[in-house]
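Colleague: sequence first, then the predicted structure:
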Amino acid sequence: MNIEEIYKSSNALLEGHFLLSSGNHSKFYLQSAKVLENPKTAKMLGEELAKQIKESGIKADCVCSPALGGILAGFALADALDLNFIFTERVDKKMTLRRGFEIKKGQKFIICEDIITTGGSAREAAREIEKLGGEVVAYAALANRGFCARYDSEVKAQSICQLPLDKQFFALDDFIFEMYSPETCPLCKGGSKAIKPGSRGN
Ligand code: ZN
């Protein structure tokens, strides 16, 4: 399965001249929600991710995603693994489990995101699950931005990766983009102007 092609044809992998939230510029931008716009694509990606997890032999009882971005990916993965699905959400910036979701002591969880950049939100969700007695057995995402090491890839973890190194991380593909400071950006030098993705009201 060519994951990059699926992202491109869903307009989830944009090519242009983008201003990232870090302040850097890039030729590419991942609009992860777009790849999940079609439920059949979401289901197919969930099944592909589930295949890797099954192959690794890792067993879990439930999938948990940090809201909002991870919810659709986590739901699709849980469906494919025939597991329950819950989500954590931020309340006053703190990742929290609400809505009557309960965790049994020793219950095993996979934390699932749509995309892992540094893995900060995934790690926060994991801490909340662990605090409530659950055990996090693995991390998963549809896309890896290339800062964390994932199962079945040569990509090495960088120091900004917040996922624990002793837990397996599953993702469908690595999306590694070159980033430039505004001063050294070749796209700026070429005369174009960086745009903020989603700045047209979406
Ligand atoms: Zn630029």
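Modeller: Thanks, I have it.
Colleague: residue ranges of the helices in the protein, please?
Modeller: All helices of the chain, identified by DSSP state H, fall at 3-9, 32-35, 39-56, 71-81, 120-131, 186-189.
Colleague: who touches the fifth one?
Modeller: Residues lying outside helix 120-131 but in contact with it, judged by Cβ atoms under 8 Å, 6 or more residues apart in numbering, are 64-66, 69-70, 88, 95-97, 103, 109, 111, 113, 116, 135-136, 139, 141, 162-164. (C-beta placed from N, C-alpha, C; glycine too.)
Colleague: now it against helix 71-81, angle please.
Modeller: Following axes from the mean of the first three to the mean of the last three Cα atoms, to 10 degrees, one obtains 60 degrees for the angle between helix 120-131 and helix 71-81.
Colleague: do the same with the third one
Modeller: An angle of 60 degrees separates the directions of helix 39-56 and helix 71-81 when computed by the same axes, to 10 degrees.
Colleague: and helix 39-56, which residues are buried?
Modeller: Neighbour-count burial for helix 39-56, counted by 16 or more other Cβ atoms under 10 Å, picks out Thr41, Ala42, Leu45, Gly46, Glu48, Leu49, Ala50, Gln52, Ile53.
Colleague: list of residues touching it?
Modeller: With contacts defined as Cβ under 8 Å, 6+ apart, helix 39-56 is touched by 1, 3, 6, 10, 35-36, 60, 72-73, 75-81, 110, 112, 138, 140, 142, 151-152, 168, 170-172.
Colleague: mind running it again at 6 Å?
Modeller: For helix 39-56, the external contacting residues (Cβ atoms under 6 Å, 6 or more residues apart in numbering) are Met1, Leu36, Leu72, Ala76, Leu77, Asp79, Ala80, Leu81, Ala140, Leu142, Phe170, Leu172.
Colleague: what does stretch 5-19 give?
Modeller: Outside of stretch 5-19, the residues within contact range by Cβ under 6 Å, 6+ apart are Ser26, Phe28, Tyr29, Leu30, Gln31, Lys34, Val35, Leu187, Ser192, Ala194, Lys196, Pro197.
Colleague: show me what contacts the residue nearest the centre of the chain?
Modeller: The residue lying closest to the centre of the chain (Cα atoms, centre = their mean) is Ile115, at 2.0 Å. When contacts are counted by Cβ under 6 Å, 6+ apart, Ile115 touches Ser32, Ala141, Ala143.
Colleague: weed out the non-buried ones from those residues.
Modeller: Buried subset of these (neighbour count, 16+ other Cβ under 10 Å): Ser32, Ala141, Ala143.
Colleague: run through the bridge partners of the last one.
Modeller: What it means is Ala143. Ile115, Asp173 (DSSP bridges).
Colleague: thought it was touching Phe175?
Modeller: Yes - the criterion here is Cβ atoms under 6 Å, and Ala143 meets it with Phe175 at 5.2 Å.
Colleague: still on that earlier bit, quick one: the buried ones among the contacts of Ile115 as TSV, columns for distance to Ser181 and pLDDT too.
Modeller: Output for the buried ones among the contacts of Ile115, formatted as TSV (distance: Cβ to Cβ, whole Å; pLDDT from 0 to 100):
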residue	distance to Ser181	pLDDT
Ser32	24	89
Ala141	27	98
Ala143	24	96
